Each structure stands twice: as structure tokens, then as C-alpha cells.
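**Student:** got a structure for you, letters missing:
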Ligand code: COI
């Protein structure tokens, strides 16, 4: 970080902590008392501030609403056994945030605004970081274009914000997923690798169709042939085939997931061979049928490590092994959790204790 920011703090008069039930925390619904905001105007970042969480006044003409110049990130902070708080690999999310900003022709956010804004906010709302097992404070950095202008061009002004929400698991059970072969999430040369609103918007209708058919999530395939697996939209996808960890290689259509990268490093450190490559639907289906594919899971900040229990392809359902018996993913998930929650040494230097 290059400089220390002067962040103006306005605190709430009355905390909502006392009326929040920490045993009922559905993902992304309960927000902490405060949020961080900073504006980009006239070529400069201005007015970094922590204010009470609440509505933000805006013009109905802002370009984020009309042309989708909006990006976000997902990070988690954990309560350590000594009561301190640790944020996991936020430096990597910061880099990806600006990669998304560049692709969406938005202003890049300086590191000190991203990192100090986050640390200041979380220290102010520190009582909101849950201490229960499998819970964390989910951190949502977001940036949107604020020019009140209907012409199609990159906005000259932006607001960068950070919201925080205490949460448990995004998925509570093994997933039943459908391989999507009609709709697509991303295409070559597009914005699939950016964490931008439109990628999520375009996935909603296909996901609703799948949800009504009884599925929890989709496996997206490539736009040209629908023969190759890409990602799940809310997470990356990983498989264990012949004892090796196999995951679709990151490309312009696949998000470069922080959890994905973390798991790859943990697996390699454990002596597990890792393959990042093109992975066909055929290989997955045949692998389930002939027993060479033993494990499948979604990996993401919100999703953490979530087993895939059943895969449906062209109307046929394929049931995978019992999640309880999956030695590779269960062992990696435990190692990952132990590091995040400070129960094992952080040998990779991933935890930022604030
Ligand atoms: C995350 O894992 O942080 C995500 O952004 C996925 C999802 C909740 C949209």
C-alpha cells in the first residue's frame, strides 16, 4: 500500500447488532451497520468515507443502470481463535477487481482505497464478524458508473463501495446440476473473465429454467460447441479423475477464481497432480460411468467447497459417489478451512490479520 488514507467516519446512532439473529443468516440479506464509499470524479478518487449502511441517492440516468458498467468482488473475513479478524487473500481480489475495471472501461481503484477502506470498515463493524463454525463476514466490493448521461460511452465518474454481510454457507447440501447446452454464459472475446453484473444477469433466465426442473446450479459449456465444461457461474468447477485434480483452464470465458487458485496450491503442496486444461462433457460423463471420476465440486468464495452429487446431461441423470467418501476434496476443504480460521499455520501467507 502506498499511502495512508484520510477516511471520514460517520457512525450509526443505534447498532442493529442487538436485533440480528446470528443463527439465521441467509447469504447476502443481513448487512452490517456501516458501508465504505469513495467517488471518482474529474480524474481523481475523492471523499473516502464510512457511513451508515443504507440507500444511496442516484440519478435515474446513471450509465450503470442503462449500459451495465458495474463490477464487484467477493471476499471473506474470518474470526480467529484469539478473537482477531483475518481477511483471506484480499490482495488477489484487488488485482482481479481492477482487471474487471479495465475490461469494462472503468476507472481503476487505487490499492490503498480498496484495502484500507475494507480494513477500516471491518474494524468499525468488527462485532459483526461471526464466530460460529462455517460462518464468516462476506465482503462485497462494488463499483458502478455514475455519469447521468444516456450516450453510449464509458462514464467519467464512478462510485466504489464496500458492503459487508455476516453469512454461513451459500449452498447447504451437495448440488444437483445440469450441463447447459442451449444457453451460454460467456463467449470468446467477451467479458466472461470479468466479475461484471451482466455475466450474472444473462445467467438468470437459464438458471430459472433449470431451477424449475429441480436443479441447484448449471454447468456452463463453451459457446461454440457446448462440448467443453467452463464454470458454474457462482463458482469454478473441479473434478478428481484418476486421482488427479482436474479443472477447466482459465480463459476469457472462465473467471480466475481465488478459491480455485487456493485449492490448486493446496493440492500441489499435498503431492496431488493438478491438470488445468480443456475438459469435455464426454470425459466427465464417461468418467462417472467407468468409475474414473470419483469427485466433483464447486469452488468459490461464497460456495467454499461444495460437493456435486448429481449431474444431468441431455435428460439423463448421473449420480456421483457419496460425498462423505470423497477423500481429496474433503481433505482439501478441511486444510483450507483450518488456514482461514487460524487453526493451522498460514504457510502461504494468505491471511491478513487486521
Ligand atoms: C463469490 O463467491 O464471492 C461470488 O461472487 C459468487 C456469487 C455469490 C455471485
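**Tutor:** Ah, there it is. Predicted model, so just to flag it, every value in this text is computed and none were measured.
**Student:** for the closest residue to the ligand within the stretch 51-200 of the chain, what are its contacts?
**Tutor:** Closest to the ligand within the stretch 51-200 of the chain is residue 74: 1.8 Å, counting by Cβ to the nearest ligand atom. Placement of C-beta: from N, CA and C, glycine included. Shown in contact with residue 74 (Cβ atoms under 8 Å, 6 or more residues apart in numbering): 93, 138-140, 195, 300-302.
**Student:** did I read that right, residue 282 in a helix?
**Tutor:** Yes - counting by DSSP: H, G, I helix; E, B strand; the rest coil, one finds residue 282 located in a helix.
**Student:** Hmm, it is touching residue 227, no?
**Tutor:** Yes - at 7.1 Å, residue 282 counts as touching residue 227 under the criterion of Cβ atoms under 8 Å.
**Student:** ok, how many other residues are close to residue 6?
**Tutor:** 9 (other Cβ atoms under 10 Å).
**Student:** give me phi/psi at it?
**Tutor:** phi -100, psi 100 (degrees, to the nearest 10).
**Student:** what's the nearest residue to it if we skip its chain neighbours?
**Tutor:** residue 48 (7.3 Å; Cβ to Cβ, 6 or more residues apart in numbering).
**Student:** so that neighbour is in which element?
**Tutor:** strand 44-52 (DSSP states H and E).
**Student:** what kind of secondary structure is the closest residue to residue 107 other than its chain neighbours in?
**Tutor:** In this structure, residue 107 finds its nearest non-sequential neighbour in residue 40, 4.6 Å apart by Cβ to Cβ, 6+ apart. Here residue 40 takes the strand state, with states given by three-state DSSP.
**Student:** Residue 40 and the ligand: what is the separation?
**Tutor:** As judged by Cβ to the nearest ligand atom, to the nearest Å, residue 40 and the ligand stand 22 Å apart.
**Student:** Enumerate every residue touching that residue.
**Tutor:** 46, 107, 157-160.
**Student:** one step back: strand partners (parallel or antiparallel) of the strand holding residue 48?
**Tutor:** Sheet pairing for strand 44-52, assigned by DSSP bridges, gives strand 8-9 (parallel), strand 34-41 (antiparallel).
**Student:** Distance from the last one to the middle of the chain?
**Tutor:** Between the centre of strand 34-41 and the centre of its chain there are 21 Å (Cα atoms, centre = their mean, to the nearest Å).
**Student:** what's the answer for stretch 199-215, then?
**Tutor:** For stretch 199-215, the distance to the chain centre is 18 Å (Cα atoms, centre = their mean).
**Student:** Residue 277 - how many residues pack around it?
**Tutor:** 10.
**Student:** so what's the closest residue to it other than its chain neighbours up against?
**Tutor:** For residue 277, ignoring the flanking residues on the chain, the nearest one in space by Cβ to Cβ, 6+ apart is residue 249 at 5.3 Å. Residue 249 sits next to 276-278 when contact means Cβ under 8 Å, 6+ apart.
**Student:** next one: residue 141
**Tutor:** 72-73, 75, 93, 97, 114, 118, 160-162.
**Student:** partner residues bridging the residue nearest to residue 107?
**Tutor:** Beta-bridge partners of residue 40, as defined by DSSP bridges: residue 45, residue 158.
**Student:** what residue ranges in this protein score low on pLDDT?
**Tutor:** 1-3 (pLDDT under 70).
**Student:** one step back: need phi/psi at the residue nearest to residue 277.
**Tutor:** According to degrees, to the nearest 10, residue 249 has phi -60, psi 150.
**Student:** Start at 799, not 1
**Tutor:** That works, and once the first residue is 799, the last one we named lands at residue 1047.
**Student:** follow-up on the earlier one: okay if I get the strands paired with strand 842-850 as JSON lines plus distance to residue 860?
**Tutor:** Shown next, in JSON lines, are these (distance: least, Cβ to Cβ, whole Å):
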{"stretch": "strand 806-807", "distance to residue 860": "23"}
{"stretch": "strand 832-839", "distance to residue 860": "12"}
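**Student:** highest average neighbour count across the ones you listed?
**Tutor:** A comparison of the strands paired with strand 842-850 by mean neighbour count, using mean count of other Cβ atoms under 10 Å, puts strand 832-839 on top with a mean of 21.
**Student:** So which residues on this structure come close to the ligand?
**Tutor:** Taking Cβ under 6 Å from any ligand atom as the measure of proximity, the chain contacts the ligand at 872, 1032, 1098-1101.
**Student:** Mind putting these into a markdown table with secondary structure and distance to residue 858?
**Tutor:** Formatted as a markdown table, these follow (DSSP: H, G, I helix; E, B strand; the rest coil; distance: Cβ to Cβ, whole Å):
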| residue | secondary structure | distance to residue 858 |
| --- | --- | --- |
| 872 | coil | 28 |
| 1032 | coil | 29 |
| 1098 | strand | 33 |
| 1099 | coil | 32 |
| 1100 | coil | 30 |
| 1101 | coil | 34 |
